[in-house]
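Enquirer: Show me how the following folds:
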Amino acid sequence: MTKANGRKSIFITGAASGMGLETARLFASEGWFVGGYDVNAAGLEALKTEIGDENCIVQTLDVTDRAAYSAALDAFSQATGGKLDLLFNNAGIGRGGPFIDQTWDDVMAVVNINFVAVLSGIHLAAPLLKNTPNSLCFTTSSSSAIFGIPNIAVYSATKHAVKGLTEALSVELRAHGVRAADTLPGMIDTPILPDEAKANAPTEGMWRLTPPREVAQAVWDAYHSDKIHWYVPTELEAYDVMQTQSPEAIRDQMLSAGGLFSEGADAK
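Expert: A predicted model of the protein is given here:
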């Protein structure tokens with residue numbers, strides 16, 4: 001008998017805080033077996049204590065280390081009997097500033113964690129997803145994948161890449177009985193969002209400060225749906241439609257605001 005004991009299972013990167021933590025809590029409360037992975041060992045131990053050792057497997061993981069990622073999936077597979085109902089690629093970082101002033105190390109750190117590691121994780125987890133009926137490959141994109149946000153240009157680029165990857169895989173993976181979807185969160189109240197941005201966030205509208213539990217709910221709803229993109233808050237979907245119709249209007253709006261659009265900052 002495996003540790004998961006036949007329960008549905010979810011593998012979450014970035015599980016020690018914010019959206020990943022709230023997702024782990026929600027799925028555990030619904031009777032799922034949780035795999036929690038993060039570089040934050042203390043946060044993972046707190047998660048294990050909260051939801052119970054019998055309901056999870058936690059392990060520190062640098063998602064850019066492909067060998068370590070593979071080992072984590074192997075251990076998870078042993079605990080679940082080779083099944084994976086939901087892969088949640090959530091780990092990410094945000095390093096901002098004008099693109100031409102950023103160090104190359106910062107640029108590549110964002111690319112490697114926010115996109116290359118997502119590619120690696122999906123590629124490694126594919127056999128488990130294919131071995132599990134109705135499984136879902138779910139990834140955290142961003143509201144900055146609707147229209148690129150100044151001063152987080154590289155972050156925005158990686159999230160556009162995630163969105164495009166998700167759309168392509170939503171077609172490709174169907175041949176294997178696997179679904180693909182993503183979430184495009186706006187201003188989420190998590191540690192990655194600067195305190196200044198939180199303080200200046202409006203109280204209503206699509207850029208309002210939103211609790212991470214709402215993203216966790218989107219992950220839950222996505223598993224029970226065939227929808228590809230999940231906007232949090234939902235008003236962001238209309239913004240995506242507007243961008244498609246007139247990206248120049250959004251560009252000009254940002255320029256008139258002095259080239260800054262801090263309201264559109266994104267967080268895990």
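
Enquirer: At which residues are the helices of the stretch 151-268 of the chain located?
Expert: With DSSP state H, counting those that start in this stretch as the criterion, the stretch 151-268 of the chain has helices at 153-172, 195-200, 213-223, 236-245, 247-256.

Enquirer: what's in contact with the fourth one?
Expert: The reference is to helix 236-245. 143, 146-147, 184, 186, 206, 229, 231, 249-250 (CB atoms under 8 Å, 6 or more residues apart in numbering). Backbone N, C-alpha and C define where each C-beta goes, glycine included.

Enquirer: again, but for the longest one
Expert: Contacts of helix 153-172 with the rest of the structure, by CB under 8 Å, 6+ apart, involve 89, 92, 94-96, 99, 102, 106-107, 110-111, 114-115, 118-119, 122, 137, 139-142, 144-145, 148-149, 179-182, 184, 228-229, 266.

Enquirer: next one: stretch 209-221
Expert: 18-19, 21-23, 25-27, 30, 86, 88, 138, 140, 183, 185-190, 198, 201, 203, 230, 232-233.

Enquirer: Any of the residues you listed buried? List them.
Expert: Buried members of the contacts of stretch 209-221, scored by 16 or more other CB atoms under 10 Å, are 18-19, 21-23, 25-27, 86, 88, 138, 140, 183, 185-190, 201, 230, 232-233.

Enquirer: looking at the helices of the stretch 151-268 of the chain, which is closest to Phe76?
Expert: helix 213-223 (17.3 Å; CB to CB).

Enquirer: Show me what counts as buried in the closest one.
Expert: Neighbour count says helix 213-223 has 213-220, 222-223 buried, by 16+ other CB under 10 Å.

Enquirer: Just put the helices of the stretch 151-268 of the chain in JSON lines and tack on mean pLDDT and distance to Val39.
Expert: Formatted as JSON lines, the helices of the stretch 151-268 of the chain follow (pLDDT from 0 to 100; distance: least, CB to CB, whole Å):
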{"stretch": "helix 153-172", "mean pLDDT": "98", "distance to Val39": "18"}
{"stretch": "helix 195-200", "mean pLDDT": "79", "distance to Val39": "22"}
{"stretch": "helix 213-223", "mean pLDDT": "98", "distance to Val39": "20"}
{"stretch": "helix 236-245", "mean pLDDT": "93", "distance to Val39": "29"}
{"stretch": "helix 247-256", "mean pLDDT": "92", "distance to Val39": "33"}
